[in-house]
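S.K.: quick one: sequence plus predicted model below, questions after.
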Amino acid sequence: MTLSRADEINRQARMRRWAAMAEPWLYLSPALIFIVVVLLVPLVIGICYSFYKFSAFRSEWAGLDQYRTLATDPVLYHSLYNTLWWTAGSLILQFFLGLGLALILNRAFFGRKLVQAVVFLPWAVPTFLTGLTWAWLFNPLIGPIPHVMYYLGIQKEAVTILASPDHAMWGPILANVWYGIPFFAITLLAARKSIPTELYEAASIDGATAWQQFTKVTLPFLAPTIAITVMLRTVWIATFADLIYVMTAGGPAGSTETIATYIYVSTFKTLDKGYASAIAVLLLFLLILYALVVIQMRRRLMRDM
Amino acid sequence: MVGKSAARRIIEGVGLYGAVALYVAFALFPIYWTVKISVTPQKLLYSEGIKLWPSRMTLENYSSVLAASDFPRYFLNSVVVSISTSLIVTVIASLAGYALSRFQFRGKVGVSLLLLLTQTFPLVMVIPPIFRIMGQLGLTDNLYGLIIIYTAFNIAFATFLMQSFFDGVPKDLEEAAMIDGCSRFVALRRIILPLTLPGMGATVAFVFTAAWSELLFALMLINSESQKTFSVGLLTFIGKFAVDWGQMMAASVLALIPVCLFFGFLQRYLVTGLTAGAVKG
């Protein structure tokens, strides 16, 4: 009798331990199942494609041939440089303008609700449409931007910058900034709202200036959100080809060709699925490397807090 | 001292409203231009190119989009797909985000890395394999297939978002409830979830818009007219009517309406939120 009771207690303790171990996995399982089945399996298949050479009717094993071609592909290096430029330009502008907007919207002012509703609109516009609309705005026949720039003396003639190899990238970047500011504004505003007011009260009692409050209270609290959103956005922008494709299709003279548009062209135009996969694997590798660095930084940041 | 602070307040006010006005203009202008093109008669489109307001306006584009095209159908399909996706993702991501925020367990870093990895996939790389798998499962050419794919693609981001919202809710709250005898699940449902409602609202909004504007997968997977979503429908406009910009812009304006309504409705959750009572912003 006593023995079986001890056994029972033991069994219950084991069950509880087991349940405690299983609990997080229970919460995570729906997410993991979706990701493994719908994304991971196709990814592995996609990586396998990069070792095959596809032609119209058949595919044959190519080993590392595609990767060897990659190493000496001048278009690749050019688009790598353009990708950096496109990603950094879009991200920096989106982030700082979005942060500014979030801090403004956090303050009480007349008409704030209305402004809030309006400034989030660009995010809701489908990207395909965003590209079309901005291409319209840059068009010298029907769009106002070239005329405004001419009027302001930035340009000597009212022509579209989308046709100039030196400046064409600014077109998609501007469209992307327009589209992306609300993303940072919303996430950072929500994060800013979750900072307890007492911290600011305490800080101002201690005589902290507005700038000190911003750097000593706001920024550290926003840092984890900033790290994650910046990282995700970087990756999205780097792999994001729709806007560039709609506005310039990689031109003029390849000046807006990024790795992502290059993959599109290889997959759908030249139908070289194998080579496209090899480029994609390279991009994947670079992005994973970048993500790991940011994660490491975020972890150090969280530990210091 | 008093004068200085009053002057400063005026300068700050001017700066604030100036910045707000600039940004509102920047955000609205392209949308205004889309609306303008949609009400400009076809004949005047190029001759009045950069005029701020056309000399004559017409609703013709709208009536032909609504009455003489399949656009209402596409529209409804997009609503179904976007709402289903955003609700499913938010539930799944809330659970996963909670697990990542509150538990220490073996394999946690691995899970985060896996989620992150899914964000680094160049889309075009997985389209051909997904197309093949979906075909074998009989999920091509219907809305279920789209919902499944969109759900998978949005889970990682939504989970990170929810995780950061859970991180913002003090642990003491549920620990206190659990000491009072609640189970963890009850504490989660009664105490933590209401506090993260703004976060869930934001997640729903993000996923909804992502699903609403997705083009590539919808283009690859859907063939039949009755299953097309709005973004694919827009593309077929180009083919059918030899790029009728007026109609296309009219369709675009119509497509913006539900998203605007949706965002308007979620405003409350997005920012004012239910935390306002507990944590004054």
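M.R.: Structure received.

S.K.: count the neighbours of residue 84 for me.
M.R.: With no chain named, the answer covers chain A. Using other Cβ atoms under 10 Å in any protein chain shown, residue A:84 has 13 other residues around it. C-beta: built from backbone N, CA, C; applies to glycine.

S.K.: can you look at chain B instead?
M.R.: 18.

S.K.: same check, this time on residue B:50
M.R.: Residues lying near residue B:50 (other Cβ under 10 Å) number 17.

S.K.: does it count as helix, strand or coil?
M.R.: With DSSP: H, G, I helix; E, B strand; the rest coil as the basis, residue B:50 sits in coil.

S.K.: now it, nearest residue through space, not along the chain?
M.R.: residue A:144 (4.9 Å; Cβ to Cβ, 6 or more residues apart in numbering or on different chains).

S.K.: for that neighbour, what are its contacts?
M.R.: Shown in contact with residue A:144 (Cβ atoms under 8 Å, 6 or more residues apart in numbering or on different chains): A:137, B:33, B:50.

S.K.: need the pLDDT of the second one.
M.R.: The reference is to residue B:33. pLDDT, residue B:33: 88.

S.K.: now the last one
M.R.: Reading off the per-residue confidence, residue B:50 sits at a pLDDT of 73.

S.K.: for it, what are its contacts?
M.R.: Going by Cβ under 8 Å, 6+ apart, residue B:50 touches A:142-144, A:147.

S.K.: ok, now the second one?
M.R.: If you count contacts by Cβ under 8 Å, 6+ apart, residue B:33 has them with A:133, A:136-137, A:143-144.

S.K.: related to what we said a few turns ago, list just the nearest of the contacts of residue A:144 to residue A:45.
M.R.: Distances from residue A:45 to the contacts of residue A:144, taken as Cβ to Cβ, are shortest for residue A:137 (40.7 Å).

S.K.: quick check: closest non-adjacent residue to the closest one.
M.R.: Nearest to residue A:137 is residue A:143, by Cβ to Cβ, 6+ apart, at 4.3 Å.

S.K.: mind checking the pLDDT average for stretch A:11-23?
M.R.: In the prediction, stretch A:11-23 has an average pLDDT of 84.

S.K.: tell me if that stretch is near chain B.
M.R.: Yes. Judged by Cβ under 8 Å from any Cβ of the partner chain, stretch A:11-23 comes into contact with chain B through A:21, A:23.

S.K.: gap between that stretch and the chain center?
M.R.: 40 Å (Cα atoms, centre = their mean, to the nearest Å).

S.K.: equivalent analysis for stretch A:42-62, please.
M.R.: The answer for stretch A:42-62 is 28 Å, by Cα atoms, centre = their mean.

S.K.: got it, and stretch A:31-48?
M.R.: Distance, stretch centre to chain centre, for stretch A:31-48: 20 Å (Cα atoms, centre = their mean).

S.K.: quick one: end-to-end distance for it.
M.R.: One end of stretch A:31-48 to the other measures 25 Å (Cα to Cα, to the nearest Å).

S.K.: give the buried residues for that stretch.
M.R.: A:31-32, A:34-35, A:38-40, A:42-43, A:45-47 (16 or more other Cβ atoms under 10 Å in any protein chain shown).

S.K.: what mean pLDDT does it have?
M.R.: Averaged across stretch A:31-48, the pLDDT comes to 91.

S.K.: what's the burial count for the residue of the stretch 101-250 of chain A found nearest chain B?
M.R.: The minimum distance from the stretch 101-250 of chain A to chain B, using Cβ to the nearest Cβ, falls at residue A:126 (3.2 Å). Look at residue A:126: counted by other Cβ under 10 Å, it has 24 neighbours.

S.K.: ok, now residue A:58?
M.R.: If you count neighbours by other Cβ under 10 Å, residue A:58 ends up with 8.

S.K.: how far away is it from residue B:66?
M.R.: With distances taken as Cβ to Cβ, to the nearest Å, residue A:58 is found 48 Å from residue B:66.

S.K.: of all the contacts of residue B:50, which comes closest to residue B:152?
M.R.: residue A:143 (38.1 Å).

S.K.: I'd assumed the closest one was in a strand, is it?
M.R.: No. The assignment for residue A:143 by three-state DSSP gives coil, which leaves it out of any strand.

S.K.: closest one of the buried residues of stretch A:31-48 to residue A:270?
M.R.: Among those, and counting by Cβ to Cβ, the member closest to residue A:270 is residue A:46, at 17.4 Å.

S.K.: what's the closest non-adjacent residue to that closest one?
M.R.: Nearest residue to residue A:46, sequence neighbours excluded (Cβ to Cβ, 6+ apart): residue B:125, at 4.5 Å.

S.K.: residues contacting the one you found?
M.R.: A:43, A:46, A:263, A:276-277, A:280-281, A:284.

S.K.: what about it, helix or strand, and which?
M.R.: In this assignment (DSSP states H and E), residue B:125 forms part of helix B:123-136.

S.K.: buried set for that helix?
M.R.: B:123-131, B:133-134.

S.K.: would you turn those into JSON lines with pLDDT and distance to residue B:161?
M.R.: As requested, these are exported to JSON lines (pLDDT from 0 to 100; distance: Cβ to Cβ, whole Å):
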{"residue": "B:123", "pLDDT": "75", "distance to residue B:161": "20"}
{"residue": "B:124", "pLDDT": "71", "distance to residue B:161": "25"}
{"residue": "B:125", "pLDDT": "77", "distance to residue B:161": "24"}
{"residue": "B:126", "pLDDT": "83", "distance to residue B:161": "22"}
{"residue": "B:127", "pLDDT": "80", "distance to residue B:161": "25"}
{"residue": "B:128", "pLDDT": "79", "distance to residue B:161": "29"}
{"residue": "B:129", "pLDDT": "85", "distance to residue B:161": "27"}
{"residue": "B:130", "pLDDT": "87", "distance to residue B:161": "24"}
{"residue": "B:131", "pLDDT": "82", "distance to residue B:161": "29"}
{"residue": "B:133", "pLDDT": "86", "distance to residue B:161": "28"}
{"residue": "B:134", "pLDDT": "87", "distance to residue B:161": "27"}
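
S.K.: coming back round to it: from the contacts of residue B:125, which single one is nearest residue B:175?
M.R.: For these, the closest approach to residue B:175 (Cβ to Cβ) belongs to residue A:43, at 39.1 Å.

S.K.: where does the stretch 51-200 of chain B dip in pLDDT?
M.R.: In the prediction, the stretch 51-200 of chain B carries no residues with pLDDT under 70.

S.K.: repeat that for chain A.
M.R.: Scanning chain A with the threshold set as pLDDT under 70 gives A:1-3, A:56-57, A:304-305.

S.K.: now the strands for it?
M.R.: Ranges of strands in chain A, per DSSP state E, are A:52-54, A:59-61.

S.K.: strands paired with the first one, and their directions?
M.R.: Strands that pair with strand A:52-54, judged by DSSP bridges, come out as strand A:59-61 (antiparallel).

S.K.: how many residues are close by the closest residue to residue A:65 other than its chain neighbours?
M.R.: Excluding the flanking residues, the one nearest residue A:65 by Cβ to Cβ, 6+ apart is residue A:53, at 6.8 Å. Applying other Cβ under 10 Å, we find 17 residues neighbouring residue A:53.

S.K.: would you mind measuring from residue A:53 to chain B?
M.R.: 15 Å (Cβ to the nearest Cβ, to the nearest Å).
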